[in-house]
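Novice: Got a predicted model here, sequence first, then my questions.
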Amino acid sequence: MKVAIQMSVREERKALPILLRQAQGMVLPNRVYVLGIDAVRALREAGVRFTELSREGDAPVLQGATAGERV
């Protein structure tokens, strides 16, 4: 599962060494990171504060439509 998070500049400084040791992720503008759940867990355990923006399962879906169905 992927999680999008955002953190302050100060928290990002604390997080970077942890993120460099963790698995792959994606860096977006404004200190937004898309990370695996293990990396997010490692940040929490290290006391890094961040805002969780969304989770992979939070994507909106059309009611009554199945995945891949044309509407």
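Specialist: Received the coordinates, thanks. Numbers count the residues shown, from 1 in each chain.

Novice: the strands in the chain, which residues?
Specialist: Taking DSSP state E to define them, one finds strands in the chain at 2-6, 25-28, 32-36, 51-55.

Novice: quick one: strands adjacent to the shortest one?
Specialist: Just to be clear, that refers to strand 25-28. Strand pairing for strand 25-28, determined by DSSP bridges: strand 32-36 (antiparallel).

Novice: same thing with the last one?
Specialist: Within its sheet, strand 51-55 is paired with strand 2-6 (antiparallel), according to DSSP bridges.

Novice: about what we covered before: how about the strands of the chain in a markdown table, adding mean pLDDT?
Specialist: Shown next, in a markdown table, are the strands of the chain (pLDDT from 0 to 100):
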| stretch | mean pLDDT |
| --- | --- |
| strand 2-6 | 95 |
| strand 25-28 | 90 |
| strand 32-36 | 94 |
| strand 51-55 | 93 |
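
Novice: possible to save these as TSV with distance to Leu16?
Specialist: Just so you know, the C-beta spots here come from the backbone N, C-alpha and C atoms, and that holds for glycine as well. TSV is the format used below for the strands of the chain (distance: least, Cβ to Cβ, whole Å):
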stretch	distance to Leu16
strand 2-6	13
strand 25-28	10
strand 32-36	10
strand 51-55	17
